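Asks: I would like the atomic coordinates for the input below:
(2 chains)
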Amino acid sequence: MQLDSKLAILADAAKYDASCASSGAVRGNSRDGKGVGSTGGAGICHSYAPDGRCISLLKVLLTNLCIYDCHYCINRRSSNVRRAAFTAAEVVKLTLDFYKRNYIEGLFLSSGIIRNADYTMEMVIDVARTLREVHDFRGYIHLKTIPEASPELIEIAARYADRISINLELPTQKSLDVLAPEKSIVRTQQAMGRIRNKLDEASERRKNGDKKVRHATGQSTQVIVGADASTDADFLARSDDLYGNYKMRRVYYSAFSPIPEPSSLLPMKAPPLIREHRLYQADWLMRFYGFKTGEILTPETPNLDLELDPKLAWALRNRQDFPVDIQTATREVLLRVPGLGVRNVDRILQIRRFTRLRLTDLVRLRVSLAKVQPFLMTADHNPSNLLLDSDALRARYLPKPKQLELFFPSDAVR
Amino acid sequence: MQCVDPGENFASWRDQARILLAANISPQEVLWQREASLFSEAIVQEEAVISSVKVPAAFMDLAESVACHSDPTRWALLYSILWRVTHGGERHLLAIASDEAVAKARTMEKNVRREIHKMHAFVRFKLIDTDATTGRERYAAWFEPEYFIVEAGAPFFRNRFANMDWSIFTPKGCVHWRENRLTFTAGIAENPVENPDALEAAWRTYYRNIFNPARLKVKAMQTEMPKRYWKNLPEADLIEELVSESQHRVTQMLAEEPRPVKPRPKNAYLDRLRDLSARESGESGANE
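Replies: Next comes the predicted model:
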């Protein structure tokens, strides 16, 4: 098979993985080396596809042959998709060729499971090892690992990679039993726990001045939204656990997307993109805005409001806490005002040390007055309690019909 | 009103601004424009006292970025902020992000930083040749930045591509890395590297196949990759076709007959997984 055909098949096979991060690596460059590459600081998106997703890494599968039968996945053994396999040398050359032309930040390598977990893991590691040791490649490498692979192999992968990940895919074992019978939450969590310990060790050694540590700096995972009956509360509870106990850098939410090879167990439908977007917003609220999962969702309403962002929905449920005074409210309280993001809250805290804020100040900070006005008091504005109490307040924020434009996850919460 | 020539970059503006500050000349008395002026000679004598003016580091960072902008009012804006900080009793001015002048300068700074980031993202190198004896490769790229960011953007490429030779040509200045040295030359009007690179076909194959037609979000793409960059991106002319085909591709997928589940192949590893899972569910059952 021609290399171009392999690339077409194995890129297509990899596109359902939402992760694209190339940030968070240890700072480094190639000035004292032989090869190419630098990492550190924020990642770079070298292109964008018309699906709005960033293209940062060469994201491919080593092979899309797979003995697993995950019914949401185009590469499952029951699928009739065309199969292909790269050699390690082919992936290495493509990565270097793309990298030297500044198309990418590095490689994101995953693979279908062939023969068994260790065999597959060794093949993936071989690519990373060749890039690092033969070509002195100092760009970004993200390796997908397999929970059932031996811990020693996962640790070798972590030493060559900047980021490693294991995809959870579905938030409950019940769903996995039906849709991904080879997968186990218990085994996945055990592997994530081991990875977390190794990441902590490496970070500790770095902190103690060991500059030679070569080890990934973080792990991430992905869950598929809309393939099973799990509620948003199920997803957020799972994410809370993953961030807290396994120190995930990111949990990616991937709307279950139609594939050209539908399974009889899982009927195809349009991907729930708005739901995915709301989950990212809720995820942001948990990580950067001090919200607890129990505040975002309750047992009575286990799913996010699709029409309003979760912070606004929370504020409308908790009107008794508003309006707040921009001049005196604490950082924690300001972070909960709909329409104020982390950056602007920090700016406001600085500004108010020197002057009283007025509505024009908010305009210059590019805050949406329409959004914040009912919730915020400024030197020249005191919102009417009548408005806060009114039933019309929710209606004020509802999207106009046919205007469901989506933002990017990274801008998700303002 | 005095005419002062800001020169072409941060350093030349800074030199003039220092002289003006030391001479206690307020922003209202200065017209920043390129024009010969007797005045600019007259104040050079004040240079002796320049060092006494203390300027916060945060202002220098801001000014260095704003200087790369192409807005001709930037020099006057910077001087007015500088004056207020040093002579107007507003040393904390930069902390007031909602001040009109500060907000304007911060917006320019943000635009410049974004353009530097986009340069790092969207420069596309083409292989020119390979040195037959050393094997060292030479690359070149053409980029059309909106602001004067070539110098600020260059160190990134030096750190990343230290072991190749390369040039980035732009209408607003060019940069070259050769023999472990960065050099800058004047901008040029035309792209000197028109021919496509041999790897562009593979890159386009990748772009075409990493796109998921079921998640069309053209606006999100364009926010991050505005159209003005497209003409120098070898993959961008695929966008129109990918967008227009997407609806049809999704309809086809939704109409596909579901595939039956194939039986589990004979495989010792899958057997082991099944046993493991059975044991796990037994354990979790016992815990409940």
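
Asks: and the strand or helix carrying residue A:6, is it in reach of chain B?
Replies: Counting by DSSP states H and E, the element that carries residue A:6 is helix A:3-12. Yes: using Cβ under 8 Å from any Cβ of the partner chain, helix A:3-12 reaches chain B at A:3, A:4, A:7, A:8, A:9, A:11, A:12. The way it works is simple: take the backbone N, C-alpha and C, and place the C-beta from them, glycine included.

Asks: could I get the pLDDT score of the fourth one?
Replies: In the predicted model, residue A:8 carries a pLDDT score of 98.

Asks: pretty sure it is touching residue B:207, no?
Replies: No: applying Cβ atoms under 8 Å as the test, residue A:8 and residue B:207 come out as separate, 10.8 Å apart.

Asks: which of the two has more neighbours?
Replies: residue B:207 (23 against 18; other Cβ atoms under 10 Å in any protein chain shown).

Asks: mind listing what the closest residue to that one other than its chain neighbours touches?
Replies: Residue nearest to residue B:207 in three dimensions, not counting chain neighbours: residue B:235, with 4.1 Å by Cβ to Cβ, 6 or more residues apart in numbering or on different chains. Neighbour list for residue B:235: A:47, B:203, B:204, B:207 [criterion: Cβ atoms under 8 Å, 6 or more residues apart in numbering or on different chains].

Asks: dump the residue contacts of the closest residue to residue A:8 other than its chain neighbours.
Replies: Spatially, and ignoring its direct neighbours in sequence, residue A:8 is nearest to residue B:209 (4.9 Å; Cβ to Cβ, 6+ apart). Contact analysis of residue B:209 by Cβ under 8 Å, 6+ apart lists A:7, A:8, A:9, A:11, A:12, A:15.

Asks: show me how far the helix or strand containing residue B:209 is from its chain's centre.
Replies: Of the helices and strands defined by DSSP H and E, residue B:209 is found in helix B:200-210. Taking Cα atoms, centre = their mean, to the nearest Å, one finds helix B:200-210 lying 23 Å from the centre of the chain it belongs to.

Asks: from the residues of helix A:3-12 next to chain B, list just the buried residues.
Replies: Among those, those buried by neighbour count (16 or more other Cβ atoms under 10 Å in any protein chain shown) are A:7, A:8, A:9, A:11, A:12.

Asks: pLDDT score for the residue nearest to residue A:8?
Replies: Residue B:209 is assigned 98 on the pLDDT scale.

Asks: how close does it get to residue B:109?
Replies: Computed as Cβ to Cβ, to the nearest Å, the residue B:209 to residue B:109 distance reads 38 Å.

Asks: kindly report the same for residue A:196.
Replies: Residue A:196 sits 38 Å away from residue B:109, going by Cβ to Cβ.

Asks: more crowded one of the two?
Replies: Neighbours per residue (other Cβ under 10 Å) separate residue A:196 from residue B:109, with residue B:109 holding more: 19 against 16.

Asks: which stretches of the stretch 151-300 of chain A form helices?
Replies: Under the criterion DSSP state H, counting those that start in this stretch, the stretch 151-300 of chain A contains helices at A:151-160, A:173-179, A:185-207, A:232-246, A:273-288, A:293-296.

Asks: so residue A:147 is in which element?
Replies: For residue A:147, there is no host helix or strand (DSSP H and E).

Asks: now it. Nearest residue, chain neighbours left out?
Replies: Nearest in space to residue A:147, with sequence neighbours left out and distances taken as Cβ to Cβ, 6+ apart, is residue A:191 at 3.9 Å.

Asks: same thing with residue A:31?
Replies: Nearest one to residue A:31, counting by Cβ to Cβ, 6+ apart, is residue B:162 at 4.4 Å.

Asks: the strands in the stretch 101-250 of chain B, which residues?
Replies: Ranges of strands in the stretch 101-250 of chain B, per DSSP state E, counting those that start in this stretch, are B:126-130, B:137-142, B:165-169, B:174-178, B:181-185.

Asks: dump those into JSON lines; add distance to chain A as well.
Replies: Formatted as JSON lines, the strands of the stretch 101-250 of chain B follow (distance: least, Cβ to the nearest Cβ, whole Å):
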{"stretch": "strand B:126-130", "distance to chain A": "7"}
{"stretch": "strand B:137-142", "distance to chain A": "7"}
{"stretch": "strand B:165-169", "distance to chain A": "9"}
{"stretch": "strand B:174-178", "distance to chain A": "11"}
{"stretch": "strand B:181-185", "distance to chain A": "12"}
